[in-house]
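K.L.:
Turn this into a model:
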Amino acid sequence: MAAVAAAGAAGIVVAVLRLAHAPLSALAAVAAVALAVTFADRFTLTLLHGGGSEHFALTDAVWVTAIVLAHPGVATAGASLGALAWRLHRRLPATTIAFDVGQVALSLSLAELVWSLAEPAPDPARPAAWALVVAAAAAAFAVTATTAALVRRKPLRAGALGSLRAGVPQWAGNVAIGVLACVAWNAHPVGILLVAVPLGLLYLADREWVAGLVEREQMEDLARTAERIARHGDTSRQLPHVAQDGRLAQLTASLNRMLAEIDGALGREQHLMREAAQELQAPVRAIRGELTRCAAEGTPPRPRARVELDRLERVLDDMAAVAGAGHPGALRPVPVELACVIDAVAERARPLLGDRLEVTRAPADAIARIDRRWSERALLHLLRNAAVHGRPSSRVELRVVRVPLGWRLEVADQGGGLPAGHEEAVFEPFYRLASGHDGSGLGLALVRSVAEAHGGSAGVHNRPGVGVTFWMRVPG
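P.N.:
Numbering: from 1, shown residues only. Modelled structure (predicted):
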């Protein structure tokens, strides 16, 4: 950095000496170039690219125009002054300012040297002048890229040449705009105003082109990560957040939510399999022991074997229901009057609850898109749950409540509620609060599975020591 700053300072001294006997118009040109460079730096486009950042501005176009049209030394002095003014405005560290200004001065000094190889200077309207100014701009570009790579401690191949795919098209566009401005000025000074349109188009094209380039690299990064996830089956991994906003950020967030859902589903499936294996071991052992005894004694099975078979059948039936409710296409939602559903469920639950059951009539406009068979089965599970776990004398309420974008089917009891902290756990398969009941432990898991398959949800409002309200929300 010190070497670049020192070389740049020497270039500025040479430029000032060349301007020592120049007319006042040259000093005005220095101010104009400084202002133009400051303006170009103000609208620099910075985008992540290749693991680093690329800076796209119209500064090179200003440099080319100053080299061709202005007095020798104007381009170096004006560009250095503009770079200094903008960096002071941004309050950058002194070492950074010294390096950046030195880099600009060194680049412009070399470019002016290349341009001065032709004496006298060629007519800006002739192709020979265009070729020479392209060579001068290329020299400046090479100095800028090389010094930046060295300061970043990167190999020349990776630093100076690694960003050519992004930098060369932008540099070429700048040079073309600069040459066009020189030709227009040579024809008539007012003609330079015509350059404003292609200048703006170049800036917009740079921005969109580089944004597309960056997005393509980010998509490749996403694809590589997705391939690793698919190869190793590790759905717990997340795709990298390669963008802060925009369409790609939305896509990444959606895919990560999908991975989280898949990972959660796989976790629930593994949990279900583990719990099912443990749940089925007891009745299977009991039945096998009973059959072994019967074979040895030559006697018929005792009633216990039938009880265990019934328990096994219930568990398998509930497992199939939990899995089936979440299967795509298992439910066929249609508009259904909830009053009919409530009446049908209440009728089937009367033998369990008797006079304890209180039914609140559903509103006349309570119509939901549900699969009636699955919904009634889920509500019956909630009512059976209240009958088994509630106090024998406590009343149980079945009601429909209007909620945003749908309806909530509620079963409330005054049976003492759940122990605090168990509100979510009770919806897990095979989860039981008490071991004295012979249920499968899958009823509430089925309720949640049915609700989510409808696009809704299920939950509980717990009042420890008082009662509990289980609910299932369905879309309207």
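K.L.:
What helix or strand is Ala286 located in?
P.N.:
Using DSSP states H and E, Ala286 sits within helix 247-297.
K.L.:
Then Trp471?
P.N.:
Using DSSP H and E, the element containing Trp471 is strand 467-475.
K.L.:
What mean pLDDT does that strand get?
P.N.:
The average pLDDT for strand 467-475 rounds to 92.
K.L.:
Kindly format the C-alpha coordinates of it as CSV.
P.N.:
Extracted in CSV, the C-alpha atoms of strand 467-475 (Å, rounded to 0.1, in the frame of the first residue of the first chain):
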residue,chain,number,x,y,z
GLY,A,467,-60.1,-27.7,33.1
VAL,A,468,-58.9,-27.9,29.6
THR,A,469,-60.2,-26.9,26.1
PHE,A,470,-59.0,-28.9,23.1
TRP,A,471,-59.7,-27.3,19.8
MET,A,472,-59.4,-28.0,16.1
ARG,A,473,-59.4,-25.1,13.6
VAL,A,474,-60.7,-25.7,10.1
PRO,A,475,-60.9,-23.3,7.1
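K.L.:
May I see the buried residues of it?
P.N.:
467-474 (16 or more other CB atoms under 10 Å). C-beta coordinates here come from the backbone N, C-alpha and C atoms, glycine included.
K.L.:
just curious, which of the residues you listed is nearest to Gly173?
P.N.:
Nearest to Gly173 among the buried residues of strand 467-475, counting by CB to CB, is Arg473 at 56.9 Å.
K.L.:
Let me know whether the closest one touches Glu410 as I believe.
P.N.:
No: if you go by CB atoms under 8 Å, Arg473 and Glu410 don't touch, sitting 9.6 Å apart.
K.L.:
residues near His89, how many?
P.N.:
For His89, the neighbour count with other CB atoms under 10 Å is 11.
K.L.:
Let me fix that, I meant to ask about Leu291.
P.N.:
Leu291 has 12 neighbours, counted by other CB under 10 Å.
K.L.:
quick one: Ala5 is in a helix?
P.N.:
Yes: counting by DSSP: H, G, I helix; E, B strand; the rest coil, Ala5 is located in a helix.
K.L.:
Please name the residues that touch it.
P.N.:
98-99, 101-102 (CB atoms under 8 Å, 6 or more residues apart in numbering).
K.L.:
Turn the buried residues of strand 467-475 into CSV, columns for distance to Asn174.
P.N.:
Below are the buried residues of strand 467-475 laid out as CSV (distance: CB to CB, whole Å):
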residue, distance to Asn174
Gly467, 75
Val468, 71
Thr469, 69
Phe470, 68
Trp471, 65
Met472, 64
Arg473, 59
Val474, 61
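K.L.:
Quickly name whichever of the residues you listed is closest to Pro240.
P.N.:
For those, the nearest to Pro240 is Arg473 (34.9 Å; CB to CB).
K.L.:
number of nearby residues for the closest residue to that closest one other than its chain neighbours?
P.N.:
Leaving aside its sequence neighbours, Arg473 sits nearest to Gly456 (CB to CB, 6 or more residues apart in numbering; 4.3 Å). Applying other CB under 10 Å, we find 24 other residues in the vicinity of Gly456.
K.L.:
gap between Gly456 and Val403?
P.N.:
According to CB to CB, to the nearest Å, Gly456 stands 10 Å off from Val403.
K.L.:
Also Asp100?
P.N.:
Relative to Val403, Asp100 is positioned 60 Å away (CB to CB).
K.L.:
returning to what we had before: which neighbours do Gly456 and Val403 have in common?
P.N.:
Common neighbours of Gly456 and Val403 (CB under 8 Å, 6+ apart) are Arg473.
K.L.:
on that earlier part again, ok, now which ones touch the residue nearest to Arg473?
P.N.:
Neighbours of Gly456 in contact, by CB under 8 Å, 6+ apart: 406, 472-475.
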